[in-house]
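okay, here's the prediction I keep looking at, along with the sequence it came from:
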Amino acid sequence: MSEMLRFPDGFLWGTATASYQIEGAVDEDGRGPSIWDTFCHTPGKVFHGDTGDVACDHYHRWEEDVALMAQLGVNSYRMSVAWPRVQPEGSGEYNQSGIDFYRRLLDSLVEHGIAPVVTLYHWDLPQALQDLGGWTSRDTSKRFADYAYEVVSALGERVRLWITLNEPWVSSHLGYGEGEHAPGTADLSSAIRASHHLLLGHGLAAKAVRSVMAPPSSLGITLNLAPTRPASNSDADAEAALRVDGYANRWFLGPLFKGTYPKDLADLFHPVTGDSHVHAGDLETIATPIDFLGVNYYFCHTVADSHGAPQPGTAPFGPAVLRAVGRPDAAVPVTGRGWPVQPDGLTEILVRLRHEYGPVPIYLTENGAAFHDYVDPDGAVKDPERVDYLESHLKAAHAAISAGVDLRGYFCWTFTDNFEWAAGYSQRFGLIWVDFKTQERILKTSASWYAEVARRNGLEIGRRL
């Protein structure tokens, strides 16, 4: 007899997307260019030269997509607003056509009984603001707060949860520090300034929207978090793991929940970055109380001390000042993208958050995997690997709840196959297959499985469709 793991009453079962990854229509109805438009059209930046110009054509096919969500049976949907679609220059005039698009989409979601969860910034900064320094400029924090206020004022009564930022670590460190994401610069000092201004923008936005956010809506931020583990029992590797934990996790958790940057990392970065970008009162603003924390979880970091020289089977992790290398465990299975499958890390990070940062409500705002999906001769897309992945991580989430974590929802990444940033269209994370030439959508086996989980509000271990 199979075992049923029940989730709390009112638990949100959803899928998640981001505007640039699905919408397309990059130059329609008054939308301005974003840093990702520029980045994608810069040769050599994105796999195969792919762009988000069309993506999943969601801008024109949103009604079909909402109908698919209803068929999927989810009770929530996490999406993002494209800043350049509603405010093309990032300041000044707002674009009514863009606001109306999101109003129609949100109204349709509510009509279908799907609670909207809206991210205000999922990486598509207006290019006009980047031309003025982007997130390395303090002014962008203020522009973001103004934009957030206007969007929440226009759309707020339709939205269950507001998320200010998605993964500021990625925006700052991969975008400004390592050049893997837009805008594509590689400078540690720029990354640290960008990370501070992103967090400041969050705090300013949180203060701004409180006055217009309609109850019972609530507000939070989403961080990508990962347990960081030493590759060996050596003191050197343990110290490297602590540095990486500071870089990947505590650099954002500390200001948000404790009003301070972790001293070990601040001391490490100070010779490179200084602290002139941190003004009096900034950390108090960043620590403005939030109603919930969104967590995106995919894998753990296993790291070793670099010992000042490259080592076989390792790759540098983060900036050189961390003196750390990643050392994957060959015994751990990987996804089609090569990411390790480590569901135990999900339980670990959720329980740690409760113990170290208090009993804040948490939503798992992203979790999922890319595999080598294909349409078989019968026209079906069978993805048992994804079902196994999701089942193992939902078991891990349930274990965290059993340990006292106030976990209130799970959002599978992602709804449809889409434009996966620098990987272009090479990685399929979706519950729904997309033919990017014809825009045909096909529900994968995992979609049917996930629909049953959502319907039951529980996980029947070992059940297969």
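Everything's here; your move. Residues are numbered from 1 along each chain as shown.

all helices of the stretch 101-250 of the chain, in order?
127-130, 138-155, 168-169, 188-209, 235-245 (DSSP state H, counting those that start in this stretch).

out of those helices, flag the one nearest residue 422.
Distance to residue 422, taken as C-beta to C-beta, is lowest for helix 168-169 among the helices of the stretch 101-250 of the chain, at 15.5 Å. All C-beta spots, glycine's among them, are computed from the backbone N, C-alpha and C.

helices and strands around that closest one, which ones?
Contacts defined by 3 or more C-beta pairs under 8 Å, 6 or more residues apart in numbering; DSSP states H and E place helix 168-169 against helix 188-209, strand 218-224, helix 251-258.

if you set the cut-off to 7 Å instead, what comes out?
Here helix 168-169 touches helix 188-209, going by 3 or more C-beta pairs under 7 Å, 6 or more residues apart in numbering; DSSP states H and E.

list the buried ones in the helix it packs on?
188-206, 208-209 (16 or more other C-beta atoms under 10 Å).

just stretch 101-121 next, same as before
101-102, 105-106, 108-109, 114-121.

again, but for stretch 257-271
Counting neighbours by 16+ other C-beta under 10 Å, stretch 257-271 gives 257, 261, 262, 265, 266, 268, 269 as buried.

neighbouring contacts of it?
For stretch 257-271, the external contacting residues (C-beta atoms under 7 Å, 6 or more residues apart in numbering) are 192, 243, 246-247, 250-251, 254-255, 283-284, 287, 321, 357-358.

now these in JSON lines, with distance to residue 28 and pLDDT?
Putting those into JSON lines (distance: C-beta to C-beta, whole Å; pLDDT from 0 to 100) gives the following:
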{"residue": "192", "distance to residue 28": "36", "pLDDT": "98"}
{"residue": "243", "distance to residue 28": "46", "pLDDT": "97"}
{"residue": "246", "distance to residue 28": "43", "pLDDT": "98"}
{"residue": "247", "distance to residue 28": "39", "pLDDT": "97"}
{"residue": "250", "distance to residue 28": "42", "pLDDT": "98"}
{"residue": "251", "distance to residue 28": "38", "pLDDT": "98"}
{"residue": "254", "distance to residue 28": "41", "pLDDT": "98"}
{"residue": "255", "distance to residue 28": "38", "pLDDT": "98"}
{"residue": "283", "distance to residue 28": "41", "pLDDT": "98"}
{"residue": "284", "distance to residue 28": "41", "pLDDT": "98"}
{"residue": "287", "distance to residue 28": "40", "pLDDT": "98"}
{"residue": "321", "distance to residue 28": "44", "pLDDT": "94"}
{"residue": "357", "distance to residue 28": "42", "pLDDT": "96"}
{"residue": "358", "distance to residue 28": "44", "pLDDT": "92"}
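
tell me which of the helices of the stretch 101-250 of the chain lies nearest to residue 276.
Short answer: helix 188-209, nearest of the helices of the stretch 101-250 of the chain by C-beta to C-beta, at 9.1 Å.

now the one helix or strand residue 69 maps to, how far from the chain's geometric center?
Following DSSP states H and E, one finds residue 69 within helix 58-72. Here helix 58-72 is found 21 Å from its chain centre; the criterion is C-alpha atoms, centre = their mean, to the nearest Å.

partner strands of the next helix or strand after that helix, parallel or antiparallel?
Heading C-terminal from helix 58-72, the first helix or strand you meet, by DSSP H and E, is strand 76-80. Note on strand 76-80: by DSSP bridges, its sheet partners are strand 12-16 (parallel), strand 115-121 (parallel).
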